[in-house]
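Asks: based on what follows, work out the 3D shape:
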Amino acid sequence: MDLFTLAAINLVIGLFTAIFFGIEYRRNLTQKYLLDFSLSGCCLIMHAFIAIMRDHVALPYFILPGFINTITVVIHLLILSALYRLLQVPLQRYYLVLFATLTYSVWFLPLFQQDQFSRLLIGFAIMCAVNVLCLRLLFTSTPGKFSKVVTFFQCVMFFNIAQMLLRSALFITGKYSFTAAEPNPFVHQLGWFSLTIYAALILTGGLIILARQRQLELEVRAERDPMTGLLNRYSMQDRLNAELNRCLRNHQPMALLIFDIDHFKSVNDNFGHQMGDQVIRQVAAVSQATFRNYDLVFRMGGEEFLVCLPGVNQQQAAEKAELLRQQIEAQQIVPGAKITISIGYVIAQPNQDLDSLIKQADDALYHAKENGRNRSVAWCSGEFVFNN
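Replies: Sure thing, here's the model as predicted:
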């Protein structure tokens, strides 16, 4: 495949990468790694355009090889930046800008102006160093939900380092007449082909990241209530069963709270459904702030909520229930009206199943509402115990 064809392919890959990831970034400005992918596509476009022009126009040294070599390094730096952002590892990006500027300056040193062999080796060394930094990040960071993405990019970096080491070896052996003497068209063509493969792999990696991101978003939507962001009823059964089994297996207590908003229908009737939605959101926010980050808070539907508190005994559950009730009562959500909640709770017993546990908590909630509301009631040893 001739160099013109490879440059044309790079141009197409660059256009698709720049436009596609640019559009995706505009849709979600929080995903900064999309911007890095889009900018790497822009750099690939410039690289391919200069390569196509080189056979038709005499280009000055500061463009070819100075600028085109620097663009190749910048593409690698942008991928490094994208991976840092994806894995949420802090990175001072002005260092990358400084590194790119110094790289461009290197080509104007007399040694590299006069000797193509030295330019090629220093270019390979710089890009290998950037790829090693990528590998270090990929092997030392916590991939979380992107483990397959991390494995893919590890393979990409190993490929890129291997092809540059191979080309360096061919240049060195050619320099000293062990292989075909310089200039060796095969080695240059191999370089362009390797860049095309690298660009295609980076594009594929970006698409894999986006697909994984979409999958995670769908998973969140499937198990989260869209109004409050709390876990929803559909995800409740599996999560609660897993937590109950874990606590019983480890001989740990577990408390289950069910609460709902008192006289919520009157809020909707008197203040409108928008205010009702605001009350639900505020109650959800206070609940999340009151409990620990590993406690499970669910919106069961309407104005009813359920909370799972692993490792919490009877006395601690009573304190937490009262704290939540007081925190809600202290909120000024509806002008001129006080919002309160009623709570029923229970402590899991050995060999107890989830359905009976939920029923006991629900019965305690019903008892709280029947006895004046704005109170917490426990189901304990077959009896209802009032906290207030």
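
Asks: roughly how far does residue 26 sit from residue 35?
Replies: Separation of residue 26 from residue 35 (CB to CB, to the nearest Å): 10 Å. Where you see a C-beta, it was placed from the backbone N, CA and C, and this is true even at glycine.

Asks: who's more crowded, those two?
Replies: The neighbour count for residue 26 versus residue 35, taken as other CB atoms under 10 Å, is higher for residue 35 (19 against 11).

Asks: show me where pLDDT drops low in the stretch 251-388 of the chain?
Replies: 388 (pLDDT under 70).

Asks: can you map out the helices along it?
Replies: Shown for the stretch 251-388 of the chain, the helices assigned by DSSP state H, counting those that start in this stretch span residues 264-271, 273-290, 314-329, 354-370.

Asks: so which of those is nearest residue 57?
Replies: The minimum distance between residue 57 and these falls on helix 273-290, with 61.8 Å, by CB to CB.

Asks: alpha carbons only: can I get the closest one in CSV?
Replies: Output in CSV follows, covering the C-alpha atoms of helix 273-290 (Å, rounded to 0.1, in the frame of the first residue of the first chain):
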residue,chain,number,x,y,z
HIS,A,273,-47.8,18.5,42.1
GLN,A,274,-44.7,20.5,41.4
MET,A,275,-44.4,21.3,45.1
GLY,A,276,-45.2,17.7,45.9
ASP,A,277,-42.3,16.6,43.7
GLN,A,278,-40.0,19.1,45.4
VAL,A,279,-41.0,17.7,48.8
ILE,A,280,-40.1,14.1,47.6
ARG,A,281,-36.7,15.3,46.2
GLN,A,282,-35.9,17.1,49.5
VAL,A,283,-36.9,14.2,51.7
ALA,A,284,-34.7,11.9,49.5
ALA,A,285,-31.8,14.3,49.7
VAL,A,286,-32.0,14.6,53.5
SER,A,287,-32.2,10.8,53.8
GLN,A,288,-29.1,10.3,51.7
ALA,A,289,-27.3,12.9,53.9
THR,A,290,-28.4,11.4,57.1
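
Asks: next, the angle from it to helix 264-271.
Replies: 130 degrees (axes from the mean of the first three to the mean of the last three CA atoms, to 10 degrees).

Asks: buried set for stretch 133-150?
Replies: Buried residues in stretch 133-150, defined by neighbour count with 16 or more other CB atoms under 10 Å: 133, 134, 135, 137, 138, 141, 146, 149, 150.

Asks: kindly report the same for stretch 333-342.
Replies: Buried residues in stretch 333-342, counted by 16+ other CB under 10 Å: 333, 334, 339, 341, 342.

Asks: turn those into JSON lines, columns for distance to residue 299.
Replies: Output for the buried residues of stretch 333-342, formatted as JSON lines (distance: CB to CB, whole Å):
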{"residue": "333", "distance to residue 299": "16"}
{"residue": "334", "distance to residue 299": "19"}
{"residue": "339", "distance to residue 299": "16"}
{"residue": "341", "distance to residue 299": "13"}
{"residue": "342", "distance to residue 299": "16"}
